[in-house]
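J.: my questions concern the predicted model and sequence given below.
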Amino acid sequence: AQSVTQLDSQVPVFEEAPVELRCNYSSSVSVYLFWYVQYPNQGLQLLLKYLSGSTLVESINGFEAEFNKSQTSFHLRKPSVHISDTAEYFCAVSDSGNFNKFYFGSGTKLNVKP
Amino acid sequence: DTGVSQNPRHKITKRGQNVTFRCDPISEHNRLYWYRQTLGQGPEFLTYFQNEAQLEKSRLLSDRFSAERPKGSFSTLEIQRTEQGDSAMYLCASTRGSNQPQHFGDGTRLSIL
């Protein structure tokens, strides 16, 4: 079975500073990887995904994540954060052979301060 | 697309009562998932439908929980004899097949008094 670890439950950062949210996974098979963002009292919105190909994936709002197979990581980064990025971020994994369910990490709350 | 719709958004009920939630997936999405999210945790998988067939159920889904998707479109999740521990956000997601990310609804927040 797969599992996902997000070591940082909260990350405070000042506006315009860079940020990295860490995600490590464990799996015995090839995986697909995702980052979702959740605003208060809302569902999860897809931020970006890795299915295959280039290990660096980007979102339309400046986030990027890099799949590192040897370190089993998929860390999320943004070079300059905005107040509006304040939300909870979830890393998720599903196995490539049985795309039936996602395993989510426990989430990282990003708090961007002015 | 109009997105995944869940109703009600909030449900408050007394312990021991039965509750039912509804999920309308994105049209043409044949796969539908239910998750449960408790405070401070990520969503946990409950069950999965492909069209009308329920193909997988988590051990988290006790005998008091039942889910249906009778015509392969909307789905319902029923909890019988609710308990305090059932308080959570119940999320529904849909996708149209393999290699596609799941699209989530805004969830139903259940509070047990």
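T.: Thanks, I have the structure now.
J.: centre-most residue in the chain?
T.: Picking chain A for this. Nearest to the geometric centre of chain A sits A:W35, at 3.5 Å (C-alpha atoms, centre = their mean).
J.: switch to chain B, please.
T.: B:W34 (3.4 Å).
J.: burial check on the nearest residue to that residue once chain neighbours are set aside, number of neighbours?
T.: Distances taken as C-beta to C-beta, 6 or more residues apart in numbering or on different chains place B:L46 nearest to B:W34, at 4.3 Å, with adjacent residues excluded. Placement of C-beta: from N, CA and C, glycine included. Residues lying near B:L46 (other C-beta atoms under 10 Å in any protein chain shown) number 22.
J.: the helix or strand harbouring B:L46 pairs with which strands?
T.: Under the criterion of DSSP states H and E, B:L46 resides in strand B:44-50. Applying DSSP bridges, strand B:44-50 is found paired with strand B:31-37 (antiparallel), strand B:53-57 (antiparallel).
J.: out of these, which is the most enclosed?
T.: Neighbour counts (mean count of other C-beta atoms under 10 Å in any protein chain shown) averaged over each of the strands paired with strand B:44-50 peak at strand B:31-37, with a mean of 24.
J.: from the chain's centroid, how far away is that strand?
T.: 5 Å (C-alpha atoms, centre = their mean, to the nearest Å).
J.: ok, the nearest residue to A:E66 once chain neighbours are set aside - contacts?
T.: Of all residues not flanking A:E66 in the chain, A:L56 sits nearest, at 5.0 Å (C-beta to C-beta, 6+ apart). Applying C-beta atoms under 8 Å, 6 or more residues apart in numbering or on different chains, we find A:L56 in contact with A:E64, A:A65, A:E66, A:F67.
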